[in-house]
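*Asks:* sequence first, then the predicted structure:
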Amino acid sequence: MRAAVVDVDGTLVDTNYHHALAWYRSFREHGLVLPLWRLHRHVGMGGDKYVAAVAGDDVERRLGDGLRARWEELFDEVIDEVEPLDGAVELVAALKRRGHRVVLASSSIARHLDVFLDKLGVRDVVDAWTTKDDVEESKPDPELVEVALAKAETRAAVMVGDTPWDCEAARRAGIDTIAVRTGGFGEDELRDAGALVVFDSAAQLVERIADTPFGRD
């Protein structure tokens, strides 16, 4: 049976715009006003790469650590507002019911992931999960997916994610991606990044799971 390597932010919990706003406020406090659309377009990329991607290498050298530290504090202020996305819990349950190993592939810091696991109520359902501490390079580098595959104890797996960065990381690790649009990215973008199929939400994926690689084992 294929394993399911499942992203968390934007796929199971509705965080992407919270992240974008926290980054906006962090940059603004450091004297840089960047448009929210640009910040959102890079959500899903790890914080170690994020600052340079949206603001350039010079800003990363001068302000990177401070921007990340302040982003973390600002996200802490809104994390209680984060809720599971429609169908997220049902998706995990459906994958387990079909006999798949489920590994949550998150680059969140551990205490943020703890909040998400509690909100989802899947801590005792999934087989394993990752955090920022498990890797040196974040998405779109494939290391996070490789760690998740090691925890799944198989390379016969499919990624479930919501951003082009998920699709790229999975492709570079040699596995396919099923994408959902709940992260705010378009179907064409996700397909161009390598998504095998795109659904509007985790709920729609559950409804049509029989038509995916998870339903054909």
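*Replies:* That came through, no problem.

*Asks:* only C-alpha atoms for contact and neighbour calcs from this point on.
*Replies:* Will do.

*Asks:* can you give me the helices for this structure?
*Replies:* Under the criterion DSSP state H, the chain carries helices at the ranges 16-29, 36-41, 47-55, 57-78, 88-97, 110-120, 143-152, 164-173, 187-192, 202-207.

*Asks:* got TSV for the ones you listed, with mean pLDDT, distance to residue 158 and mean neighbour count too?
*Replies:* Putting the helices of the chain into TSV (pLDDT from 0 to 100; distance: least, CA to CA, whole Å; neighbours: other CA atoms under 10 Å) gives the following:
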stretch	mean pLDDT	distance to residue 158	mean neighbour count
helix 16-29	98	22	20
helix 36-41	96	24	16
helix 47-55	95	24	19
helix 57-78	97	29	16
helix 88-97	97	11	18
helix 110-120	97	21	16
helix 143-152	97	10	22
helix 164-173	96	8	24
helix 187-192	97	15	16
helix 202-207	98	13	20
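
*Asks:* closest one to residue 134 among the ones you listed?
*Replies:* helix 143-152 (7.3 Å; CA to CA).

*Asks:* which helices and strands does the closest one pack with?
*Replies:* strand 3-7, strand 102-105, strand 128-129, helix 164-173 (3 or more CA pairs under 8 Å, 6 or more residues apart in numbering; DSSP states H and E).

*Asks:* hmm, back to that, quick one: the helices of the chain as JSON lines, columns for distance to residue 126 too.
*Replies:* JSON lines is the format used below for the helices of the chain (distance: least, CA to CA, whole Å):
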{"stretch": "helix 16-29", "distance to residue 126": "22"}
{"stretch": "helix 36-41", "distance to residue 126": "28"}
{"stretch": "helix 47-55", "distance to residue 126": "25"}
{"stretch": "helix 57-78", "distance to residue 126": "25"}
{"stretch": "helix 88-97", "distance to residue 126": "7"}
{"stretch": "helix 110-120", "distance to residue 126": "10"}
{"stretch": "helix 143-152", "distance to residue 126": "10"}
{"stretch": "helix 164-173", "distance to residue 126": "19"}
{"stretch": "helix 187-192", "distance to residue 126": "25"}
{"stretch": "helix 202-207", "distance to residue 126": "16"}
